[in-house]
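Engineer: Pasting the sequence and the predicted model now:
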Amino acid sequence: MKELLLCKYGELILKGSNRRYFEDTLCKTLRFRAKHYGSFAINRSQSTITIEQKDDNCDLDGLFDAVSKVFGISAVSRCVVCDKTMESIEQTVRDYLPPYLAGKKTFKVECKRSDKTFPLGSIELAAEVGGVILSMMPKLKVDVHNPEVLVQVEIRQYGAYIHAGQFKGAGGIPIGTSGKALLLLSGGIDSPVAGYMIAKRGVQLEAVHFESFPYTSELAREKVIRLARQISGYTGSFNLHVVSLTHIQEELVKSCTEDYFTLLLRRYMMAIADKIAHATDCGGIVTGESLGQVASQTMQAIGVTDPMSSLPVFRPCIGLDKEEIIGFARKIGTFDISIEPYEDCCTVFTPRHPMTKPKLEKVLEEEKKLDFDALVEEALATDKVERIRTEFN
């Protein structure tokens, strides 16, 4: 018998008259992901999407992992389908479940009937299936509170679906249903998490990385590219724009008061990001800032940098502490990459005593020492910006 994937979505069922749009977008994403693992048929019914193998050359294991990272899916299971008769259900339980129960000590059976014409109620069906399991594996014990294996039987319109538990999906809503935004992606821990979190709310990404070569190395750049590829497993593929800030930083050092270096650089970064965002049809900018974490992330410092963007600036990590952000980074597989010891542009020319409570008037005085617009345009020159397409792993 061939296994298939049973995907369930959570908050999409609350979308009312717009639900069809969200479902269509989700199925489009799943079809794109599935083609990398073989030939599959994708269908939806009763708030569930089924993904079936069309031939024996499919990589169901790989697709299972990919589907579990697709935003919009709340749970995913490997299962088999049989006829809606007790004889067929019992035989399928005997044939399909032993590998999932082998070596386990406890189990529980749950049954759901979307098709209310099925002759047995959910509790009666669970008792019958549990009896079949105990008859073939008598050492197993029933544990209704904390079972090692949760066997589920779902009586649906087109058959009985049998699986040994479902696994938590990525949740959220499908990519692209909430527009597009530009992520400021550094080599640190926070910004990849911010990209993941905003994408979970249906936002398609572009990204920009600021480098300071030769003060930052090729290894630092490669680190950021690997971070982009890692989060694209959740966010889907996106463009990474690499912009050099070397000349701007050198001019800051020559002309401006040291305490203001970081703030002024952040204003340049936001102004450049704003132009890239408009050029790539983004409706917002995303940063990894967490309030009060470093000098440039105080309320006053953020107030100085935000006016450089004509678009909304989203900060998904703003209320998280470092341990919470690290927890997300470990979950999405970016933490070990982020802590590699390669510097980024924000660590170059760092002032000894950065300004934490800046006044905008003073910042503007410092900024007048430079030709702001000319430096921005130079940084954005076509031959200086590299665009890299990240493909999900």
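Structural biologist: Looks like it arrived, so ask away.

Engineer: how deep is the closest residue to residue 260 other than its chain neighbours tucked in, by neighbour count?
Structural biologist: Distances taken as Cβ to Cβ, 6 or more residues apart in numbering put residue 366 closest to residue 260, at 4.7 Å, once the chain neighbours are dropped. All C-beta spots, glycine's among them, are computed from the backbone N, C-alpha and C. Residues near residue 366, counting by other Cβ atoms under 10 Å, number 20.

Engineer: can you confirm residue 366 is in a helix?
Structural biologist: Yes: under DSSP: H, G, I helix; E, B strand; the rest coil, residue 366 sits within a helix.

Engineer: Contact partners for it?
Structural biologist: 256, 257, 260, 264 (Cβ atoms under 8 Å, 6 or more residues apart in numbering).

Engineer: Just name the closest of those residues to residue 87, please.
Structural biologist: residue 264 (76.0 Å; Cβ to Cβ).

Engineer: And the helix or strand harbouring the closest one, what's buried?
Structural biologist: Residue 264 belongs to helix 261-279 when assigned by DSSP states H and E. For helix 261-279, a neighbour-count test (16 or more other Cβ atoms under 10 Å) marks 261-277 as buried.

Engineer: cool, and stretch 219-232?
Structural biologist: Buried, per 16+ other Cβ under 10 Å, within stretch 219-232: 220, 221, 223, 224, 225, 226, 227, 228, 229, 230, 231, 232.

Engineer: Identify the residues contacting the helix or strand harbouring the last one?
Structural biologist: When elements are assigned from DSSP H and E, residue 232 belongs to helix 218-235. Residues lying outside helix 218-235 but in contact with it, judged by Cβ under 8 Å, 6+ apart, are 66, 69, 71, 170, 175, 185-187, 192, 195-196, 199-200, 204-205, 207, 209, 211, 213, 238, 240, 242, 332-334, 337-338, 340, 342-344, 388, 390-393.

Engineer: as a whole number, average confidence for that helix?
Structural biologist: Helix 218-235 comes out with an average pLDDT of 93.

Engineer: Would you map the strands across the stretch 1-150 of the chain?
Structural biologist: 4-8, 40-45, 48-53, 75-82, 106-113, 141-142, 149-156 (DSSP state E, counting those that start in this stretch).

Engineer: Any chance of TSV for the ones you listed, columns mean neighbour count and mean pLDDT?
Structural biologist: Formatted as TSV, these follow (neighbours: other Cβ atoms under 10 Å; pLDDT from 0 to 100):
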stretch	mean neighbour count	mean pLDDT
strand 4-8	22	94
strand 40-45	15	92
strand 48-53	20	94
strand 75-82	21	95
strand 106-113	19	95
strand 141-142	12	95
strand 149-156	20	94
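
Engineer: how about CSV for those strands, with distance to residue 129 added?
Structural biologist: Formatted as CSV, the strands of the stretch 1-150 of the chain follow (distance: least, Cβ to Cβ, whole Å):
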stretch, distance to residue 129
strand 4-8, 17
strand 40-45, 23
strand 48-53, 20
strand 75-82, 12
strand 106-113, 5
strand 141-142, 11
strand 149-156, 6
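
Engineer: Which one, of those strands, ends up nearest to residue 304?
Structural biologist: Comparing these by Cβ to Cβ, strand 75-82 comes nearest, at 44.2 Å.

Engineer: Name the residues that touch the closest one?
Structural biologist: 1-8, 10, 60, 64, 67-68, 88-89, 91-92, 96, 152, 158-169.

Engineer: Among these, name the buried ones.
Structural biologist: Looks like the contacts of strand 75-82 have 3-8, 60, 64, 67-68, 89, 92, 96, 152, 159-166, 169 buried, using 16+ other Cβ under 10 Å.

Engineer: Which ones among the residues you listed lie within helices?
Structural biologist: 60, 64, 67, 89, 92, 96 (DSSP state H).

Engineer: how much space between the last one and residue 114?
Structural biologist: Residue 96 sits 20 Å away from residue 114, going by Cβ to Cβ, to the nearest Å.

Engineer: Identify each buried residue in stretch 198-217, please.
Structural biologist: Buried-residue list, stretch 198-217, by 16+ other Cβ under 10 Å: 198-212, 215-216.

Engineer: number of nearby residues for residue 383?
Structural biologist: 5.

Engineer: Could you pull up the residues touching it?
Structural biologist: Residue 383 neighbours (Cβ under 8 Å, 6+ apart): none.

Engineer: Over to residue 34?
Structural biologist: Residue 34 neighbours (Cβ under 8 Å, 6+ apart): 40, 42, 51, 63, 66.

Engineer: again, only this time at 7 Å
Structural biologist: Applying Cβ atoms under 7 Å, 6 or more residues apart in numbering to residue 34 gives the contacts 40, 42, 51, 63.

Engineer: Pick out the most distant pair among those residues.
Structural biologist: Top of the distance list for the contacts of residue 34 (Cβ to Cβ): 42 and 63, 10.6 Å.

Engineer: what do these two both touch?
Structural biologist: Joint contacts of residue 42 and residue 63 (Cβ under 7 Å, 6+ apart) are 34, 51.
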